[in-house]
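Student: coords below, sequence missing:
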């Protein structure tokens, strides 16, 4: 498989993640760990069926337990944080802060062997964080509201968790993509165990709630992980990091379009700053090569 094709496959995950915020809001008021449990059960089961059908079970036995631990912690940690952030802060603002992960991927990948971190990377990072700061401290409905600080903080942890997972996954290129099914199932089991200990059980509400939850498990919390794994291991990771900023823009437009988020200049400028920062960082990476 060529790097160009792998990058294109990875970009399918970006399109699916554009629906993550909308579907998460639609699944309310299901608590984060229960939502994690349901979605990863769906995504992991589908991946396991695919692995069995393609005869990939033998490959899974040769993978180190450390790889499974790493992948499971990455998936579980990110989504528990993400779902919690969107329960504690407005979806558009929390979603855009969480979407600092593409910029962080570009920056972190610049530190990989054979890559160089250039001034453009740092300037891009400043622009991206300026966009996030505008969301938190800007005026209007997208402005800073102290009661949402916990949600903002969890959203930032989301960004750090997923960027770290993605970049380190490139170091695990020998592990087959089928391992993602195991990551999902372990995450599901952990979520099922922890849920009754720390949360009240509130199942998805009605047709909209269940449809949103199942759609999450099939797409943004299912297929997306498998195609992303192919992209970050075999494709151009810096290009993927840059193109991933299509997700927050599309996500925000979707939220505004369905009336969940109100359009505002602060939100628009923040999106432009974050996207511009990612593009600048990626160009710096291309110049380094």
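Tutor: All right, it came through fine. In this text, all values refer to a predicted model and were calculated from it rather than measured experimentally.
Student: Just give the closest residue to residue 176, not the sequence neighbours.
Tutor: residue 59 (4.8 Å; C-beta to C-beta, 6 or more residues apart in numbering). C-beta coordinates here come from the backbone N, C-alpha and C atoms, glycine included.
Student: how many other residues sit next to that neighbour?
Tutor: Using other C-beta atoms under 10 Å, residue 59 is surrounded by 15 other residues.
Student: Specify the local secondary structure of it.
Tutor: Secondary structure, DSSP: H, G, I helix; E, B strand; the rest coil: residue 59 is helix.
Student: what distance separates the start and the end of stretch 59-68?
Tutor: Start-to-end span of stretch 59-68 (C-alpha to C-alpha, to the nearest Å) is 13 Å.
Student: buried stuff in it?
Tutor: 60, 63, 67, 68 (16 or more other C-beta atoms under 10 Å).
Student: For residue 234, which non-adjacent residue is closest in space?
Tutor: residue 6 (3.7 Å).
Student: That neighbour against residue 237, yeah?
Tutor: No. Using C-beta atoms under 8 Å, residue 6 is not in contact with residue 237; the gap is 10.0 Å.
Student: more neighbours, those two?
Tutor: residue 237 (25 against 20).
Student: mind checking how far the more buried one is from residue 22?
Tutor: 27 Å (C-beta to C-beta, to the nearest Å).
Student: ditto for residue 225
Tutor: From residue 225 to residue 22 the distance is 19 Å (C-beta to C-beta).
Student: Also residue 41?
Tutor: Counting by C-beta to C-beta, the gap from residue 41 to residue 22 is 21 Å.
Student: now swap in residue 213 and tell me
Tutor: The value you get for residue 213 to residue 22, if C-beta to C-beta is used, is 12 Å.
Student: cool, and residue 146?
Tutor: For residue 146, the distance to residue 22 - C-beta to C-beta - is 26 Å.
Student: So between these two, which is more surrounded?
Tutor: Each of residue 146 and residue 22 has its neighbours counted (other C-beta under 10 Å); residue 22 has more, 23 against 7.
Student: Which residue, other than its chain neighbours, is closest to that one?
Tutor: Of all residues not flanking residue 22 in the chain, residue 254 sits nearest, at 5.2 Å (C-beta to C-beta, 6+ apart).
Student: Please list all residues in contact with the nearest residue to residue 128 once chain neighbours are set aside.
Tutor: Residue nearest to residue 128 in three dimensions, not counting chain neighbours: residue 277, with 3.5 Å by C-beta to C-beta, 6+ apart. Under the criterion of C-beta atoms under 8 Å, 6 or more residues apart in numbering, the contact list for residue 277 reads 103, 123, 124, 125, 126, 127, 128, 129, 130, 131.
Student: quick one: residue 277 from residue 253, how far?
Tutor: 19 Å.
Student: again, but for residue 179
Tutor: Counting by C-beta to C-beta - residue 179 and residue 253 are separated by 34 Å.
Student: Quick check on those two: which one has the bigger neighbour count.
Tutor: Each of residue 179 and residue 253 has its neighbours counted (other C-beta under 10 Å); residue 179 has more, 23 against 14.
Student: Please list all residues in contact with that one.
Tutor: Per C-beta under 8 Å, 6+ apart, neighbours of residue 179: 60, 63, 67, 68, 71.
Student: Distance to residue 232 for those residues - can I get that in a markdown table?
Tutor: Formatted as a markdown table, the contacts of residue 179 follow (distance: C-beta to C-beta, whole Å):
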| residue | distance to residue 232 |
| --- | --- |
| 60 | 19 |
| 63 | 17 |
| 67 | 14 |
| 68 | 17 |
| 71 | 12 |
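Student: In helices, which of the residues you listed appear?
Tutor: 60, 67, 68, 71 (DSSP state H).
Student: Residue 164: which of those residues is nearest?
Tutor: Distance ranking of these against residue 164, using C-beta to C-beta, places residue 71 first at 12.0 Å.
Student: The closest one against residue 178, yeah?
Tutor: No. Using C-beta under 8 Å, residue 71 is not in contact with residue 178; the gap is 11.4 Å.
Student: More neighbours: those two, which one.
Tutor: A count of neighbours by other C-beta under 10 Å puts residue 71 above the other of residue 71 and residue 178, at 25 against 20.
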